[in-house]
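Participant: Okay, predicted coordinates and the sequence, questions at the end:
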Amino acid sequence: MDIVLLILGFICMIVGVFGSFMPVLPGPGMSWIGLLLLYFTSAVPANYWIIGITLLITILISVLDYIIPAKGNKRFGGSSYGVWGTNIGLIVGILAPIPFGFIIGPFVGALAGELLFDYRDHNRALKAATGSFIGFLASSFMKFVVCMMYLGFFVWLVWKNKSGLF
C-alpha cells in the first residue's frame, strides 16, 4: 500500500507543478495532497506541524493567486474584462499548438478583454493588459516556487525514509 501512496503522491506533485501555470488545476493544493499522501505511508512518521504549516502556506498562496492578478490589472487601470481575458487567453494559449502559447495567450487575452471593455482607448487597454499579464506572471511564479519547494521536500522525505518504503 505504501508504494501506491508514494506513486499517487508523486503524481499529485507533478500535476501540482504543472498546475502552477494552469488556472484549471490548483497547483499548490495538488502538491500539498501529494505531501499528505506521503505522510499516510507507514514509513514516513506523521509530523502534524509540517502538514499544518504547509496547509496554511497552500491556503495563503491560493488566496493570493486571485488577488495578485486583479491588483496588477487594477494598478495599471484595467477592468475585470482584462482578468477574464487573461484566464481565457491562458487556456487558449495552452491548447494552441504554438511555442510559448502559455505566455503569449494571457497577454493577448487580457488585451482582447480590455478592448472589449473600451475599444476606443488602445493605450489604456495595452497598459491594463500589461498589468494583468505581470500579475499573472507574478502569481504563477509564486505558485511554481511553492510547488517546487513541496516537490523537493517530498523527494527529501522519500530519500530519508527509503529503507521503509522500498
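Facilitator: Here it is on my side, so go on.
Participant: Report all helices and strands that the longest helix belonging to the chain contacts.
Facilitator: The longest helix of the chain (DSSP state H) is helix 122-160. For helix 122-160, the contact count by 3 or more Cβ pairs under 8 Å, 6 or more residues apart in numbering; DSSP states H and E identifies helix 2-19, helix 27-39, helix 48-75, helix 80-95, helix 101-117 as packing neighbours. (Glycine included, C-beta is placed from N, CA and C.)
Participant: how about the first one: buried residues?
Facilitator: This points to helix 2-19. 2, 5, 6, 9, 10, 12, 13, 15, 16, 17, 19 (16 or more other Cβ atoms under 10 Å).
Participant: Residue 85: what's it in contact with?
Facilitator: Residues near residue 85 by Cβ atoms under 8 Å, 6 or more residues apart in numbering: 109, 110, 111, 112, 113, 114, 116, 129, 132.
Participant: The residue of the chain positioned farthest from its centre in helix, strand or coil?
Facilitator: Within the chain, the residue lying farthest from the chain centre (Cα atoms, centre = their mean) is residue 120, at 33.6 Å. The three-state label given to residue 120 by DSSP: H, G, I helix; E, B strand; the rest coil is coil.
Participant: any idea how far it lies from residue 114?
Facilitator: As for residue 120, its distance to residue 114 is 11 Å (criterion: Cβ to Cβ, to the nearest Å).
Participant: Neighbours of residue 39, how many?
Facilitator: Counted with other Cβ atoms under 10 Å, the neighbours of residue 39 add up to 16.
Participant: re earlier: most surrounded residue in the contacts of residue 85?
Facilitator: Going by other Cβ under 10 Å, residue 110 tops the contacts of residue 85 with 36 neighbours.
Participant: so who does the residue nearest the centre of the chain touch?
Facilitator: Nearest to the geometric centre of the chain sits residue 20, at 2.2 Å (Cα atoms, centre = their mean). For residue 20, the contacting residues are 27, 28, 140, 143, 144, 146, 147, by Cβ under 8 Å, 6+ apart.
Participant: now, which of those residues sits nearest residue 158?
Facilitator: Nearest to residue 158 among the contacts of residue 20: residue 147, at 16.4 Å, using Cβ to Cβ.
Participant: For the closest one, give me its contacts.
Facilitator: 13, 16, 17, 19, 20, 27, 28, 31.
Participant: between the helices and strands packed on helix 122-160, which one is nearest to residue 165?
Facilitator: When those are compared by Cβ to Cβ, helix 2-19 sits nearest residue 165, at 5.7 Å.
Participant: per-residue confidence at residue 100?
Facilitator: Note on residue 100: pLDDT of 73.
Participant: for residue 6, same thing?
Facilitator: Reading off the model, residue 6 has pLDDT 92.
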